[in-house]
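Novice: Let's see this in three dimensions:
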Amino acid sequence: MHISSFINLVPKLQKIELPGIEAQYKLAPFHRKEDLQKINFSKLKAKKSAVLALFFPDENETMQLVFILRKSYKGVHSNQIGFPGGRYEEEDINFEFTAKRETEEEIGIDKNDIQVVRELTKMYIPPSNFIVHPFIGFIDYTPKFIKQETEVEDIFSACLEDCLNDKNIIKTIISASYSKNTEVKAFKLNKKIVWGATAMMLSEIRDIFKNISQVNLKVS
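Specialist: Numbers count the residues shown, from 1 in each chain. Model prediction:
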């Protein structure tokens, strides 16, 4: 998708009804889907965080979505792929600010350059006991990423069309500190496997764009 087409879609992205948890569950790990459906957010004693699904144009002005590969560390999300983001701090004015601040810290994009489109459906991540507030945003230039050496192992991107392509949804076996040799649904993007919470967020993004296409077809 060309950047001009993306920007033209922004008003529709802001207004369309979120597909919500049903979209997230399409890519939820099989062993966790039932537990997630029983969650009562008002009763959770969980930490809070925010992440940003950041779109940007490449040199050909084709919209890309950025991902990070986290460093290996003694934690449940060691060496996993995700969106830039992190813990909500008391001095943060809101979760949107958290997402922009953490994006600046982790991949070197000036938070003032980021245009946030909207918040997505919040999500609970049981292994780390976090409630995550995801956002969609974009910048209108091709960036030079600067990774945070202490937390980020690598930065990569995938074009928007690949994120929307059904052929890039696969089943695979993964292993994490809390789940060994488990079959999951995932996205395969640029030869990398995106699964778990990030895949669930991307599933909602995918449905939003597909729903906008359906609305446009009905109108035309």
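Novice: Summarise which helices and strands the longest helix seen in the chain is packed against.
Specialist: Determined from DSSP state H, the single longest helix within the chain is helix 196-219. Secondary-structure packing of helix 196-219 (3 or more Cβ pairs under 8 Å, 6 or more residues apart in numbering; DSSP states H and E): helix 3-15, helix 21-25, strand 47-57, strand 81-82, strand 123-125, strand 130-138, helix 160-164, strand 179-189. C-beta coordinates here come from the backbone N, C-alpha and C atoms, glycine included.
Novice: now for the fifth one, which elements pack on it?
Specialist: Taking 3+ Cβ pairs under 8 Å, 6+ apart as contact, the helices and strands that strand 123-125 lies on are strand 130-138, helix 196-219.
Novice: Can you give the contact residues for it?
Specialist: By Cβ atoms under 8 Å, 6 or more residues apart in numbering, the residues outside strand 123-125 that reach it are 24, 36, 39, 41, 44, 46, 130-132, 134, 197, 200-201.
Novice: same thing but 7 Å
Specialist: For strand 123-125, contacts defined as Cβ atoms under 7 Å, 6 or more residues apart in numbering pick out Gln24, Leu36, Ile39, Phe41, Leu44, Ala46, Ile131, Val132, Pro134, Ala197, Met200, Met201.
Novice: and that strand, which residues are buried?
Specialist: Met123, Tyr124, Ile125 (16 or more other Cβ atoms under 10 Å).
Novice: before we move on, back to that, report the lowest-confidence entry in the contacts of strand 123-125.
Specialist: pLDDT is lowest at Leu36 among the contacts of strand 123-125; the value there is 69.
Novice: on that earlier part again, could you identify which of the helices and strands packed on helix 196-219 has the lowest mean pLDDT?
Specialist: strand 179-189 (a mean of 86).
Novice: Tell me the helix or strand right after it.
Specialist: strand 192-194 (DSSP states H and E).
Novice: Show me which residues of that following strand are buried.
Specialist: Ile193, Val194.
Novice: Packing partners of it?
Specialist: strand 179-189 (3 or more Cβ pairs under 7 Å, 6 or more residues apart in numbering; DSSP states H and E).
Novice: Using CSV, write down the CA coordinates of the strand it packs on.
Specialist: In CSV, the C-alpha atoms belonging to strand 179-189 read as follows (Å, rounded to 0.1, in the frame of the first residue of the first chain):
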residue,chain,number,x,y,z
SER,A,179,5.5,-23.3,27.1
LYS,A,180,7.5,-26.1,25.5
ASN,A,181,6.9,-27.6,22.0
THR,A,182,3.5,-26.0,21.7
GLU,A,183,1.5,-25.7,18.4
VAL,A,184,0.4,-22.2,17.7
LYS,A,185,-1.1,-20.1,14.8
ALA,A,186,1.4,-17.5,13.8
PHE,A,187,2.3,-15.0,11.0
LYS,A,188,5.4,-15.8,8.9
LEU,A,189,6.8,-12.5,7.8
